[in-house]
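Asker: based on what follows, work out the 3D shape:
(chains A and B)
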Amino acid sequence: NAGVTQTPKFRVLKTGQSMTLLCAQDMNHEYMYWYRQDPGMGLRLIHYSVGEGTTAKGEVPDGYNVSRLKKQNFLLGLESAAPSQTSVYFCASSYWQTYGYTFGSGTRLTVV
Amino acid sequence: GQQLNQSPQSMFIQEGEDVSMNCTSSSIFNTWLWYKQDPGEGPVLLIALYKAGELTSNGRLTAQFGITRKDSFLNISASIPSDVGIYFCAGLLSGGGADGLTFGKGTHLIIQP
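Answerer: Numbering: from 1, shown residues only, chains lettered A, B, ... in the order given. Here you go, the predicted model:
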């Protein structure tokens, strides 16, 4: 009964490097979301998906790309990391948009 | 994006005290949710509210969906050390799109023994 699993939990990147954050959910949820959390800024939506094969931009999408090739997985990519992308990233999923989200435990990313 | 004004930003209280926090907006919401985030973890859903005027409890926690549908309140009675964390309100806008919930910036609750 894993819920939402994020990998990795921690990562340090050099400016310009690329990486992919993986989110996996085992609840058969249609909706999946990527957020970033910064001090004093709360949770800001990066990208989201309303079903397998779909993606859409959220509030702060620049510098990120996503893919949802399988219903259970939602990948967040950084093509060329920048220090401004230092943050804690959370993935969430929900059965329907009006239902409460289930969050993963986060990925702490530092870009130096 | 849409703004939810959550207050207070932080609270320093003594163990055993009651706690109140709220979220307000200029927009109408269909759903209000309250989450708690422990250090190093993701937010966890505490209470969900789906109807204006609704009052729902979860143990020592009580939340209300405001009559105007533009606000919500969370109360914690007789606080204990494990209540420490960040509390987020979240709402789904009336007529909102698939991008889902709007989150407040959180209330940091700190309890002094």
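Asker: near the residue of chain A found nearest chain B, how many other residues are there?
Answerer: Relative to chain B, the nearest point of chain A is residue A:103 (3.2 Å; CB to the nearest CB). In short, each C-beta sits where N, CA and C put it, glycine included. Using other CB atoms under 10 Å in any protein chain shown, residue A:103 has 23 neighbouring residues.
Asker: just grab the bridge partners of it for me.
Answerer: Beta-bridge pairing of residue A:103 under DSSP bridges involves residue A:92.
Asker: for it, give me its contacts.
Answerer: If you count contacts by CB atoms under 8 Å, 6 or more residues apart in numbering or on different chains, residue A:103 has them with A:4, A:90, A:91, A:92, B:35, B:42, B:43, B:44.
Asker: the fourth one touches residue A:32, doesn't it?
Answerer: Yes. Using CB atoms under 8 Å as the test, residue A:92 is close enough to residue A:32 to be in contact (7.1 Å).
Asker: in the chain, what spans have low per-residue confidence?
Answerer: Using chain A here. With pLDDT under 70 as the threshold, chain A has low-confidence stretches at A:1, A:97-98.
Asker: could you do chain B instead?
Answerer: Residues of chain B that meet the cut-off, pLDDT under 70, sit at B:1-2, B:95-99.
Asker: show me which residues of it sit near chain A.
Answerer: Within chain B, the positions near chain A by CB under 8 Å from any CB of the partner chain are B:1, B:6, B:30-31, B:33, B:35, B:40-45, B:48, B:50, B:88, B:92, B:96, B:98-101, B:103-106.
Asker: in PyMOL, how would I select the buried members of those?
Answerer: To isolate the buried ones among the residues of chain B next to chain A in PyMOL, judged by 16 or more other CB atoms under 10 Å in any protein chain shown, type:
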select buried, chain B and resi 6+30+31+33+35+42+43+45+48+88+92+96+99+100+101+103+104+105+106
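Asker: hang on, the earlier thing: now the contacts of residue A:103 in a markdown table, with distance to residue B:21?
Answerer: Listed next are the contacts of residue A:103 as a markdown table, based on distance: CB to CB, whole Å:
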| residue | distance to residue B:21 |
| --- | --- |
| A:4 | 26 |
| A:90 | 21 |
| A:91 | 26 |
| A:92 | 22 |
| B:35 | 12 |
| B:42 | 20 |
| B:43 | 15 |
| B:44 | 16 |
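Asker: how about the residue in chain B that chain A sits nearest to: what's its closest non-neighbour residue?
Answerer: The minimum distance from chain B to chain A, using CB to the nearest CB, falls at residue B:42 (3.2 Å). Using CB to CB, 6 or more residues apart in numbering or on different chains and skipping residues adjacent in sequence, the residue nearest residue B:42 is residue A:103, 3.2 Å away.
Asker: same check on residue A:85?
Answerer: residue A:111 (5.3 Å).
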